[in-house]
Every structure is written in structure tokens, then in C-alpha cells.
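Visitor: Okay, sequence plus prediction incoming.
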Amino acid sequence: AQSVTQLGSHVSVSEGALVLLRCNYSSSVPPYLFWYVQYPNQGLQLLLKYTTGATLVKGINGFEAEFKKSETSFHLTKPSAHMSDAAEYFCAVSETGNQFYFGTGTSLTVIP
Amino acid sequence: NAGVTQTPKFQVLKTGQSMTLQCAQDMNHEYMSWYRQDPGMGLRLIHYSVGAGITDQGEVPNGYNVSRSTTEDFPLRLLSAAPSQTSVYFCASRTRQGAYEQFFGPGTRLTVL
């Protein structure tokens, strides 16, 4: 069965500090992995995705994530937080591309 | 391109009423899906469709019906609304090929009294 665990429902960082949002997944086959961002009262927007190939994936707005099969993790990072990064972030997994499973989300607060 | 559009944006129903949430996309995407978002639970898949005439259940299908008569439209029907269906509903679409990136609509906020 597929599932996603996001550790930390709320994360606060200072502006300019490292952002680290954690995601662990469960999958019986090599999965497709995604990070989405949701700003207040909006839909979800894709930040980045891992399908095959290079395990370090770069996305929009300076975010990147590394697929670590041995740790079943896909943590999202950004070297320097910006005020505009404040949002809800969701990790998602899919084995087939039909059924997608989302984590419960992490709300990121950026402190000026 | 308008992308994925959803109507209405807000809706209040009484228990037992029925309604249809509309979703349309103009990207010629074969795959469309419906999710509900509840606090602390993330997004959960309700139903999805891989093409016109083909639908399948997701993680939480009970109480919802869907149909897909055209590539563009994928309505979600609540036959007899219950308070447990109070949620924010998102429609999404993607192409069948490629890296499975989904494009999400702006959502419909539904309250069932």
C-alpha cells in the first residue's frame, strides 16, 4: 500500500535560513514522487517531481529534493527562505500515475 | 488557456440535498480527478477518470458519483449531502503520458448543514 508521512505539520524558519521539509513514503514499487505548494485559498501548484533518473531534483523558486530509496525519503530543501515561501506544502506519491496519495501537509512560516 | 476551472467557488447545502460540482479543463487532458481536502488530512482521491467513458474509484468514493461524457468535463455529484462531506473539493487534470504532473483547479468550498 502507498502512503506518505510528512513530519512536522508546522515549520518556522527565519528569513534567509535553510528550509527543510520532511517526507517519507511507503511504496511496493519504485514510485513517482511530488512536492506541491498551496497558497491560501488557492489550488495546488507543482514544485518538483521525481520520476526516474537523477535522484536530486530541482524545482521552481529555488527548491530541490533528493530521492533516497534506502531511506524511503524525499525531503524538500531550499538554501535560503524568502517571505514569499510561506505556504502549505504537500508531498505526494504514485505508483501507477492513476492513484495519488498525499501527505497531511506542512505549513511553513517564514519569520522576518 | 483557462486551465482547470471549477464552479461554484462556494456552496452551502442542507443535509439530504443533492448537487453537482462542475470541473472543466481546456488542455485536452485525458486524466481527470477529484480530491477532497480536510484539515490535518491532506488531499484524498475521490474518483478519477483516464478518458471519456472511463471512471474509477479512489480512496474515499462513498457518497459521490462521477461520469465522463467528454474529455473536457468531469462533474462530481453528491446525491444526498451529509455534514461529513463538508470540505474543500479540488479537481485536477493531466496528460496520460509523461511525468504525471497534475494541474489543479482553484477549488470549491462546500458546507453541509
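Guide: Alright, I've got the coordinates. Numbers count the residues shown, from 1 in each chain, chains lettered A, B, ... in the order given.

Visitor: quick check, A:Asn61 in a helix?
Guide: Yes - with DSSP: H, G, I helix; E, B strand; the rest coil as the criterion, A:Asn61 is assigned to a helix.

Visitor: what's around the closest residue to chain B within chain A, how many residues?
Guide: Closest approach between chain A and chain B, counting by Cβ to the nearest Cβ: A:Gly43, at 3.6 Å. No exception for glycine: its C-beta is placed from N, CA and C like everyone else's. If you count neighbours by other Cβ atoms under 10 Å in any protein chain shown, A:Gly43 ends up with 22.

Visitor: pLDDT score assigned to the closest residue to chain A within chain B?
Guide: Taking Cβ to the nearest Cβ as the measure, the point where chain B comes nearest chain A is B:Phe104, at 3.6 Å. B:Phe104 is assigned 93 on the pLDDT scale.

Visitor: Could you find the closest non-adjacent residue to it?
Guide: Distances taken as Cβ to Cβ, 6 or more residues apart in numbering or on different chains place A:Gly43 nearest to B:Phe104, at 3.6 Å, with adjacent residues excluded.

Visitor: Chain A against chain B: which residues are in contact?
Guide: Contact residues, chain A versus chain B (Cβ under 8 Å from any Cβ of the partner chain): A:4, A:9, A:32, A:34, A:36, A:41-46, A:49, A:51, A:90, A:92, A:94, A:97-105.

Visitor: cutoff 6 Å now
Guide: A:32, A:43-44, A:46, A:49, A:51, A:97, A:102-105 (Cβ under 6 Å from any Cβ of the partner chain).

Visitor: who are the neighbours in contact with the residue nearest the centre of chain B?
Guide: In chain B, the C-alpha nearest the mean C-alpha coordinate belongs to B:Trp34, at 2.9 Å (Cα atoms, centre = their mean). By Cβ atoms under 6 Å, 6 or more residues apart in numbering or on different chains, the contact list for B:Trp34 reads B:46-47, B:76, B:91.

Visitor: Dump those residues into a markdown table; add pLDDT and neighbour count as well.
Guide: A markdown table is the format used below for the contacts of B:Trp34 (pLDDT from 0 to 100; neighbours: other Cβ atoms under 10 Å in any protein chain shown):
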| residue | pLDDT | neighbour count |
| --- | --- | --- |
| B:Ile46 | 97 | 23 |
| B:His47 | 97 | 22 |
| B:Leu76 | 98 | 22 |
| B:Cys91 | 97 | 28 |
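
Visitor: From the chain's centroid, how far away is the top strand by length along chain B?
Guide: Longest strand in chain B by number of residues (criterion: DSSP state E): strand B:42-51. Averaging C-alpha positions (Cα atoms, centre = their mean, to the nearest Å) puts strand B:42-51 7 Å from its chain's average.

Visitor: For that strand, which strands pair with it and how are they oriented?
Guide: strand B:31-38 (antiparallel), strand B:54-57 (antiparallel) (DSSP bridges).

Visitor: so which of those comes closest to A:Thr72?
Guide: Each of the strands paired with strand B:42-51 has some distance to A:Thr72 by Cβ to Cβ; the shortest is strand B:31-38, at 23.4 Å.

Visitor: Give me the buried positions along the closest one.
Guide: B:31-37 (16 or more other Cβ atoms under 10 Å in any protein chain shown).
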